[in-house]
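Participant: Next one to model:
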Amino acid sequence: MKQETLDRIRKFTEDRDWDQFHTPSNLAKSIVIEAAELLECFQWSDTEFDLQNVKEELADVLVYSQNLLDKLGLDADEIVNMKMAQNEAKYPIEKAKGSAAKYTDL
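Facilitator: The predicted model follows:
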């Protein structure tokens with residue numbers, strides 16, 4: 001995310017004095033709630049959905065995720081690259097390419 005966007009998210013929270021409510025568990029709950037609202041956009045159709053609504057719900061997930069990163073002092077690039085290294089080891093190209101199988105079934 002661009003620094004300008006990160007600053008905007010942080011300022012929004014700070015201006016409203018909401019950090020006091022942003023415990024890790026509250027933020028994790030909020031991510032799940034917003035993710036469920038994102039899923040609801042596709043409840044009855046995989047092809048007919050309101051893209052604006054999808055963008056709004058996805059943005060909510062991203063904002064709460066960034067808030068949780070901040071609360072825990074984590075860096076998004078660092079933890080994503082850590083997880084990608086784990087996934088690359090669990091899903092080697094020669095076994096996983098074109099397959100939706102779980103790593104334990106490859």
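
Participant: Contact partners for Q86?
Facilitator: Taking CB atoms under 8 Å, 6 or more residues apart in numbering, we find Q86 in contact with no residue. Glycine gets a C-beta too; all of them are placed from N, C-alpha and C.

Participant: check which helix or strand covers it.
Facilitator: helix 76-90 (DSSP states H and E).

Participant: Which positions within the lowest-mean-pLDDT helix or strand in the chain qualify as buried?
Facilitator: Every helix and strand in the chain was compared by mean pLDDT, DSSP states H and E; the lowest is helix 93-96, with a mean of 94. Of the residues in helix 93-96, those buried by neighbour count under the rule 16 or more other CB atoms under 10 Å are A96.

Participant: related to what we said a few turns ago, CA-only coordinates of the helix holding Q86, as PDB, when you get a sec.
Facilitator: Below are the C-alpha coordinates for helix 76-90, written out as PDB (Å, rounded to 0.1, in the frame of the first residue of the first chain):
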ATOM      1  CA  ALA A  76       3.000  -6.500   5.500                       C
ATOM      2  CA  ASP A  77       5.800  -7.100   3.000                       C
ATOM      3  CA  GLU A  78       7.800  -9.100   5.600                       C
ATOM      4  CA  ILE A  79       4.900 -11.400   6.700                       C
ATOM      5  CA  VAL A  80       3.600 -11.900   3.100                       C
ATOM      6  CA  ASN A  81       7.100 -12.900   1.900                       C
ATOM      7  CA  MET A  82       7.500 -15.200   4.900                       C
ATOM      8  CA  LYS A  83       4.200 -16.900   4.100                       C
ATOM      9  CA  MET A  84       5.000 -17.100   0.300                       C
ATOM     10  CA  ALA A  85       8.300 -18.900   1.200                       C
ATOM     11  CA  GLN A  86       6.300 -21.400   3.200                       C
ATOM     12  CA  ASN A  87       3.800 -21.800   0.500                       C
ATOM     13  CA  GLU A  88       6.500 -22.300  -2.200                       C
ATOM     14  CA  ALA A  89       8.000 -25.100  -0.100                       C
ATOM     15  CA  LYS A  90       4.600 -26.700   0.500                       C
END
